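**Q** The sequence and its predicted three-dimensional model are supplied below.
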Amino acid sequence: MRVGSSSGDSPPLPHRSDADRLRLTDLGQYLDTLVFAARGVWTVTLVGVRPFAFWGAVLLPLLYLPSLYGIGTGQNTALFLDLVVWHVASIVLGHGHTPFWSR
């Protein structure tokens, strides 16, 4: 009775042949699929975010005056700059939205 096993007792390990390697055309197909999926995710996300961004771009300027009222302190200056950044982002993301009454 043998306690150990020799290399002859175990099945041979599979080796990579040229057919198993990823070909350049396969890589192109995978990249095309990845780009297609990324565009789909971006489109779905933009469709959900665009109306909120549009209305944010419309309503955020109403908050400028209250934030400018106390502009003397550093905290209010940061709030004002945050509002400007959010407003610009809302304008960019909400640009293509068409409200339901103007369709």
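**A** Looks like it arrived, so ask away.

**Q** Next, the buried residues of the lowest-mean-pLDDT helix or strand in the chain.
**A** When each helix and strand of the chain is scored by mean pLDDT, DSSP states H and E, helix 64-69 comes last, with a mean of 75. For helix 64-69, burial by neighbour count (16 or more other C-beta atoms under 10 Å) applies to S67. Yep, even glycine has a C-beta here, placed from its N, CA and C like the rest.

**Q** number of nearby residues for F54?
**A** 19 (other C-beta atoms under 10 Å).

**Q** what's the answer for A57, then?
**A** Neighbour count of A57, defined by other C-beta under 10 Å: 20.

**Q** My read is that it contacts I91, right?
**A** Yes. Between A57 and I91 there is a contact under C-beta atoms under 8 Å: 4.6 Å.

**Q** Residues contacting stretch 87-103, please?
**A** 46, 49-57, 60-61 (C-beta atoms under 8 Å, 6 or more residues apart in numbering).

**Q** Which single one of those is nearest to D82?
**A** D82 has its nearest neighbour among those in L60, at 10.3 Å by C-beta to C-beta.

**Q** May I have the phi/psi pair for the closest one?
**A** Phi and psi for L60, reported as degrees, to the nearest 10, are phi -60, psi -40.

**Q** And the nearest residue to it once chain neighbours are set aside, how far from P51?
**A** Leaving aside its sequence neighbours, L60 sits nearest to H87 (C-beta to C-beta, 6 or more residues apart in numbering; 4.4 Å). Using C-beta to C-beta, to the nearest Å, H87 is found at 16 Å from P51.

**Q** Repeat that for T45.
**A** For T45, the distance to P51 (C-beta to C-beta) stands at 12 Å.
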